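J.: sequence first, then the predicted structure:
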Amino acid sequence: MYKLNNIYKSYDNEKTFVLNNLLLEVNNGDLLAITGKSGSGKSTLLNILSTIDKPTRGYYTFNNINLDNMTNDQLASFRNSHIGVVFQEYNLFSEFTVQENILLPTVFNKNKNNYFDEITKLLGIDFLLDKKAKLLSGGEQQRVAVARAMINNPDMILADEPTGNLDKDNAEQLFKMLKNLNERGVTVIAVTHNLNFAEKFKNIYELKDGQLFKQK
Ligand SMILES: Nc1ncnc2c1ncn2[C@@H]1O[C@H](COP(=O)(O)OP(=O)(O)OP(=O)(O)O)[C@@H](O)[C@H]1O
Ligand SMILES: [Mg+2]
């Protein structure tokens with residue numbers, strides 16, 4: 001179980017709060033979409049879930065591990081082995097090949113694995129491995145970004161507007177990939193303002209006035 005307990009987030013010394021006493025409980029293996037208007041705090045929330053940013057107040061427990069007392073180095077290492085993040089703009093290294101991009105997170109991880117062949121097949125990018133990232137289509141880049149997020153076999157995948165640059169068919173494909181990973185036991189949380197995409201998820205919350213409201 002992953003829990004956000006009474007989370008507040010302010011960027012202006014607590015004059016205003018983007019997240020305001022927010023509560024969230026996510027079960028292991030959940031497939032969750034979080035929707036909300038532009039500026040409602042979706043990326044802010046995702047950055048806290050991914051441990052990239054810390055709340056102003058409140059605490060986050062990750063399978064009973066309280067992350068608040070960790071140093072930034074400990075958090076970076078924790079994140080590397082437990083959490084995969086797919087960014088809106090993919091953040092691939094354009095001059096690196098597909099294979100190099102996917103394997104990057106393993107450089108910092110001692111648990112070397114043989115997972116590479118399996119996920120590149122699963123995501124249908126095994127024929128692209130030697131191609132430079134800058135030569136890929138949007139949908140291919142998206143799949144490489146998902147593979148990179150998966151490579152250390154995380155417990156949780158977080159995706160920020162994953163369909164932002166995708167057409168309807170590629171968005172459908174992406175959902176199938178996330179669902180496939182979810183069926184293998186990975187907890188998936190996506191934030192999006194694409195309601196058609198959100199509708200496919202098992203659970204949906206709306207972020208509004210700094211709090212989450214269950215829609216489904
Ligand atoms: N690093 C920051 N410093 C100051 N203000 C910030 C910072 N990050 C976000 N904000 C503010 O917090 C609010 C929520 O921003 P956030 O990016 O979380 O929204 P969002 O729901 O992801 O929006 P979008 O759908 O446009 O991506 C906005 O008013 C934004 O200006
Ligand atoms: Mg955002």
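T.: Yes, it's here. Residues are numbered from 1 along each chain as shown. Ligands and ions are numbered 1, 2, ... in the order given.
J.: how many residues are close by the closest residue to residue 117 other than its chain neighbours?
T.: Distance criterion CB to CB, 6 or more residues apart in numbering; nearest residue to residue 117, sequence neighbours excluded, is residue 126 at 7.4 Å. From N, CA and C alone the C-beta is placed, and that goes for glycine too. Other residues near residue 126 come to 16 when the count uses other CB atoms under 10 Å.
J.: and what about residue 126, helix, strand or coil?
T.: At residue 126 the chain is in coil, as set by DSSP: H, G, I helix; E, B strand; the rest coil.
J.: isn't it up against residue 120?
T.: Yes. Assessed by CB atoms under 8 Å, residue 126 is found in contact with residue 120 at 4.3 Å.
J.: which bits of this protein sit near ligand 1?
T.: For the chain, the contact set with ligand 1 under CB under 6 Å from any ligand atom comprises 11, 18, 36, 38, 39, 40, 41, 42, 43, 44, 193.
J.: contacting residues around the third one?
T.: Just to be clear, that refers to residue 36. 42, 191, 193, 206, 207, 208 (CB atoms under 8 Å, 6 or more residues apart in numbering).
J.: just these that are near ligand 2?
T.: Among the contacts of residue 36, the ones lying close to ligand 2 by the criterion of CB under 5 Å from the ion are residue 42.
J.: export the residues of the chain next to ligand 1 to JSON lines and tack on distance to residue 155 and pLDDT?
T.: Written out in JSON lines, the entries for these read as follows (distance: CB to CB, whole Å; pLDDT from 0 to 100):
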{"residue": "11", "distance to residue 155": "29", "pLDDT": "97"}
{"residue": "18", "distance to residue 155": "26", "pLDDT": "98"}
{"residue": "36", "distance to residue 155": "24", "pLDDT": "95"}
{"residue": "38", "distance to residue 155": "29", "pLDDT": "91"}
{"residue": "39", "distance to residue 155": "30", "pLDDT": "94"}
{"residue": "40", "distance to residue 155": "26", "pLDDT": "96"}
{"residue": "41", "distance to residue 155": "24", "pLDDT": "96"}
{"residue": "42", "distance to residue 155": "21", "pLDDT": "95"}
{"residue": "43", "distance to residue 155": "21", "pLDDT": "93"}
{"residue": "44", "distance to residue 155": "22", "pLDDT": "96"}
{"residue": "193", "distance to residue 155": "26", "pLDDT": "88"}
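J.: the residue nearest the centre of the chain bridge partners, please.
T.: In the chain, the residue lying closest to the centroid (CA atoms, centre = their mean) is residue 158, at 1.3 Å. Assessed by DSSP bridges, residue 158 has beta-bridge partners residue 85, residue 189.
J.: my read: it touches residue 88, true?
T.: No. Using CB under 8 Å, residue 158 is not in contact with residue 88, being 11.5 Å away.
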